[in-house]
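[1] no sequence for this one, just the structure:
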């Protein structure tokens, strides 16, 4: 959801109400810039009030695409501070989850970066849950293998966000990916699902999302959504935005769920 406009983050909650959504994801700042964005006066109170009025409205902040927690030097520092900024904003807004791509490079560096960002944001046992997202693969990108992602978060308070397009592009069949998630990560550590079709074919390593049932994944998506092991998960669609696109994707998803 967009946070553009005079209401800022609160405007995203208003749009969610108009669309009849039960969860949302936002960027707390531009996803393609290191520049931070201060919360406007009244923005926190406005969002929290609307969130409560909508029954809690589980919410997610997606970190900047520039963040690379496995980098070295200045890029690592900027990535950690950018992520810490998102975590602090989530804490202030009462947002439950922050999702980040782990980056490219050594897994231990990415783990250290994620934990350092939590520390800088002043997070204890409570507060937003930082989730590392699986990736489509390619180069040194971490997270294409779900087993490697499980090793990355082992012994930490970190969780996982599972993206259907990324798993498909990395070569997984969704039923097998879900089995591996359950076995290696533990589904209790996967609270958020990014539900996306894929423009690229299975194993293409192309991170290009498509509208539901208009990409290459097909009926695997419906079967995945309806798997009883995922009944308590938060599903976020990162599909193309627009009036027609929103109507299509919500109609497909609600049809699968039997919601009028």
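    Structure's in. What do you need? Computed from a prediction, not measured in an experiment: that's the story for all the values here.

[2] which element is the spatially most central residue of the chain on?
    The residue at the geometric middle of the chain, judged as the C-alpha nearest the mean C-alpha position with Cα atoms, centre = their mean, is residue 99 (4.4 Å). Here residue 99, judged by DSSP states H and E, is contained in strand 97-100.

[3] what lines up beside that strand in the sheet?
    Paired strands of strand 97-100, with direction, are strand 59-62 (parallel), strand 129-133 (parallel) (DSSP bridges).

[4] In a markdown table: these, plus mean neighbour count and mean pLDDT.
    From N, CA and C alone the C-beta is placed, and that goes for glycine too. Conversion of the strands paired with strand 97-100 to a markdown table gives the following (neighbours: other Cβ atoms under 10 Å; pLDDT from 0 to 100):
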| stretch | mean neighbour count | mean pLDDT |
| --- | --- | --- |
| strand 59-62 | 24 | 98 |
| strand 129-133 | 23 | 98 |
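
[5] Residue 45: which of those strands is closest?
    Of all the strands paired with strand 97-100, the one in closest proximity to residue 45, counting by Cβ to Cβ, is strand 59-62 (15.3 Å).

[6] residue boundaries of the strands in the chain?
    Across the chain, reading from the start of the chain, the strands by DSSP state E fall at 24-26, 59-62, 97-100, 129-133, 159-163, 192-194, 197-198, 209-210, 234-236.

[7] And for the first one, what's in contact with it?
    Counting by Cβ atoms under 8 Å, 6 or more residues apart in numbering, strand 24-26 makes contact with 1-3, 9, 12-13, 16, 57, 59-62, 99, 236, 238, all of which sit outside it.

[8] Tell me where this structure has helices.
    Remark: helices assigned in the chain by DSSP state H are 9-19, 43-53, 73-93, 107-120, 146-153, 164-169, 174-180, 219-225, 243-257.

[9] So which of the contacts of strand 24-26 is the closest to residue 156?
    In terms of Cβ to Cβ, no member of these lies closer to residue 156 than residue 99, at 15.5 Å.
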